[in-house]
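>>> whatever this is, show me its structure:
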Amino acid sequence: MPIEIKVEGKRFRKLKELDVLELIEKNLAKAEKTLQAEREAFLLEKKAKLEEKLREIEDELEELRAFYEKALKDKELMTSVREKLRKENEELKKELEEKRREINNKT
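Numbering: from 1, shown residues only. Model (predicted):
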């Protein structure tokens, strides 16, 4: 990928007089440090965003756990209520059947 540098006329004439390669080599370390600092800043920003996203996901996970635990408790409650109603229904059926027999026996 070629790099294009635009320089105004006066500055260009001054640069023509200088050894450009030497100038580049002299400033290359500075440029590398700058790029490294920018990269570190970018990565730190990205890390902060990812940490925030992780906290959000952990919060959502905690909410889902709480919901799941409540759902399990509700299921247990519903199962126990259903079992209680089933037994009550059985008893009522037996009582009804006994009353029907009594009525049938009287007639």
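
>>> count the neighbours of L15 for me.
13 (other C-beta atoms under 10 Å). Heads up, the C-betas are built off the backbone N, CA and C, glycines and all.

>>> so it versus L64, what's the distance?
Distance, L15 to L64, using C-beta to C-beta, to the nearest Å: 63 Å.

>>> and L72, by the same measure?
13 Å.

>>> ok, now E40?
Relative to L64, and taking C-beta to C-beta, E40 is found at 36 Å.

>>> equivalent analysis for K14, please.
Applying C-beta to C-beta, the value for K14 to L64 is 66 Å.

>>> which residues in the chain form helices?
9-17, 20-106 (DSSP state H).

>>> any idea which of those scores lowest on pLDDT?
The stretch with the lowest mean pLDDT among the helices of the chain is helix 9-17, at a mean of 78.

>>> residue contacts, the one residue sitting closest to the centre of the chain?
For the chain, the residue nearest the mean C-alpha position is I57 (3.0 Å; C-alpha atoms, centre = their mean). Going by C-beta atoms under 8 Å, 6 or more residues apart in numbering, I57 touches no other residue.

>>> sweet, I'm off.
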